[in-house]
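A.B. asks: Turn this into a structure:
(one chain, ligands or ions: 1)
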Amino acid sequence: MLATIPSLQGRSFLSEKDFTKEEFLYFIELAMKLKDEKKYGIPHRHLAGKNIALLFEKPSTRTRCAFTVACIDLGAHPEYLGKDDIQLGKKESIEDTANVLGHMFDGIEFRGFEHKKVEMLAKHSGVPVWNGLTDQWHPTQTLADFLTVKENFGYLQGIKFVYVGDGRNNVANSLLVGGALVGMDVRICSPESLFPAEEVVETAQSLAAQSGGKVTITSNVEEGVAGADVIYTDVWVSMGEEDKFAERIELLSPYQVNMDMVRKTGNKNMIFLHCLPAFHDLETKYGKDIYEKYGLGEMEVTDEVFRSAHSKVFDQAENRMHTIKAVMAATLGNMK
Ligand code: CP
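C.D. replies: Residues are numbered from 1 along each chain as shown. Sure, this is the predicted structure:
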């Protein structure tokens, strides 16, 4: 039996920096327990009778499916509300919609652009709100990533975790702050023009000072990946930035994760992670368009690395569900 952390009850989950190291590690421990329970068919209906609103202003495969399956496994009813289904901020203020949803639902997931929106939902709904990705943070992704690291190495403290690519997107922000929180040797390796914002780096540095972690921001690939246990990357162009392909390809081509970069780690046990979706072949419309315009058949990661034994991306995707389940159970569930 895993002891509950009472401080998590009724809390929203908006970004890593809102939690202590102990609380954040608890979500991962609980996810491991829930993963085992699912594997062995042990019921874990900690949200029996609850109703959960799933608000998606942007498309999603993993986050939507993870929240939906997690709700059902926990005994809750998930209600999907897409961008054209409700009036959030269009014909009704976010404050009023939050109030209405909070009077009907027990918990709310939100995926959208402005982080302010998820904060407003949390402030005005009166129920736990979970961030399914905003333009600043992707904290449910971080939990799944760290669970995958723990499954592969057995620990998180001191893990050399390198994020390579667009160093100032939501995933990079979350990994930098989350890694520092749990005591990793966390590194962002990107062109200087894509370094994370100063305030994000300062938050990470302050957390690392408490956790025994380390923060490095570098544009030098050799320095960034030396000894790496984990190389992580994300798409070079995020949703809503589609006009930036030419500029990003030029900036980020030296940061492509390929076998040469894997060898530079000097660590034969290193793992490759990606939050997905990934552009590693020509099997997507985007991939084909980029190939036709720029002659590039693979972007942030080569097909060789993506399909190699180093790659744990599909375990990582599955772990979205187990960790999201842990977040909902710990903040809203009956865990007695
Ligand atoms: N990684 C991730 O958030 O995937 P989706 O966009 O499919 O939810």
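
A.B. asks: how about the most centrally placed residue in the chain, what does it touch?
C.D. replies: Most central in the chain under CA atoms, centre = their mean is residue 141, positioned 1.8 Å from the mean C-alpha point. For residue 141, the contacting residues are 133, 171, 174, 275, 320, by CB atoms under 8 Å, 6 or more residues apart in numbering. Yep, even glycine has a C-beta here, placed from its N, CA and C like the rest.

A.B. asks: any idea how far it is from residue 170?
C.D. replies: 8 Å (CB to CB, to the nearest Å).

A.B. asks: same question, residue 49
C.D. replies: Taking CB to CB, one finds residue 49 at 33 Å from residue 170.

A.B. asks: For the two, indicate the residue with more neighbours.
C.D. replies: Using other CB atoms under 10 Å, the more surrounded residue of residue 49 and residue 170 is residue 170, with 23 against 10.

A.B. asks: Double-check residue 108 against residue 123; I have them as touching.
C.D. replies: No: applying CB atoms under 8 Å, one finds residue 108 not in contact with residue 123, separated by 11.9 Å.

A.B. asks: Common neighbours of those two, please.
C.D. replies: residue 98.

A.B. asks: Pretty sure residue 314 sits in a helix.
C.D. replies: Yes: using DSSP: H, G, I helix; E, B strand; the rest coil, the assignment for residue 314 is a helix.

A.B. asks: hmm, back to that, filter the contacts of residue 141 by proximity to the ligand?
C.D. replies: 133, 275 (CB under 6 Å from any ligand atom).

A.B. asks: Give me the subset of the contacts of residue 141 that lies in helices.
C.D. replies: The helices, defined by DSSP state H, take in 171, 174, 320 from the contacts of residue 141.

A.B. asks: Quick one, which of these are buried?
C.D. replies: 171, 174, 320 (16 or more other CB atoms under 10 Å).

A.B. asks: ok, the first one - contacts?
C.D. replies: When contacts are counted by CB under 8 Å, 6+ apart, residue 171 is found next to 138, 141, 163, 234, 275.

A.B. asks: Quick check: the gap between it and residue 134.
C.D. replies: 11 Å.

A.B. asks: If we ignore the residues flanking it in sequence, what's nearest residue 102?
C.D. replies: residue 125 (3.4 Å; CB to CB, 6 or more residues apart in numbering).

A.B. asks: Next one, pLDDT for residue 129 please.
C.D. replies: Note for residue 129: predicted pLDDT of 98.

A.B. asks: How about the contacts made by residue 164?
C.D. replies: Counting by CB under 8 Å, 6+ apart, residue 164 has contacts 189, 190, 221, 224, 225, 231, 232, 233, 255, 257, 261.

A.B. asks: Swap in 7 Å and give it another go.
C.D. replies: Neighbour list for residue 164: 189, 224, 231, 233, 255, 257 [criterion: CB atoms under 7 Å, 6 or more residues apart in numbering].

A.B. asks: One more: residue 308?
C.D. replies: By CB under 7 Å, 6+ apart, residue 308 has no neighbours at all.

A.B. asks: let's see it at 8 Å
C.D. replies: 259, 262, 272.

A.B. asks: and the contacts of residue 171, which of them are in strands?
C.D. replies: residue 163 (DSSP state E).

A.B. asks: Pick the one among the contacts of residue 171 closest to the ligand.
C.D. replies: residue 275 (3.9 Å; CB to the nearest ligand atom).

A.B. asks: so where is this structure shaky, pLDDT-wise?
C.D. replies: 1, 336 (pLDDT under 70).

A.B. asks: Quick check: residues of it near the ligand?
C.D. replies: So far as CB under 6 Å from any ligand atom goes, the chain lies against the ligand at 60, 61, 62, 63, 133, 141, 275, 276.

A.B. asks: of all the residues you listed, which comes closest to residue 82?
C.D. replies: Of all the residues of the chain next to the ligand, residue 60 has the smallest distance to residue 82: 10.1 Å, by CB to CB.

A.B. asks: what about that closest one, which SS state?
C.D. replies: Residue 60 - assigned by three-state DSSP - is coil.

A.B. asks: Name the nearest residue to it, sequence neighbours excluded.
C.D. replies: residue 111 (5.9 Å).
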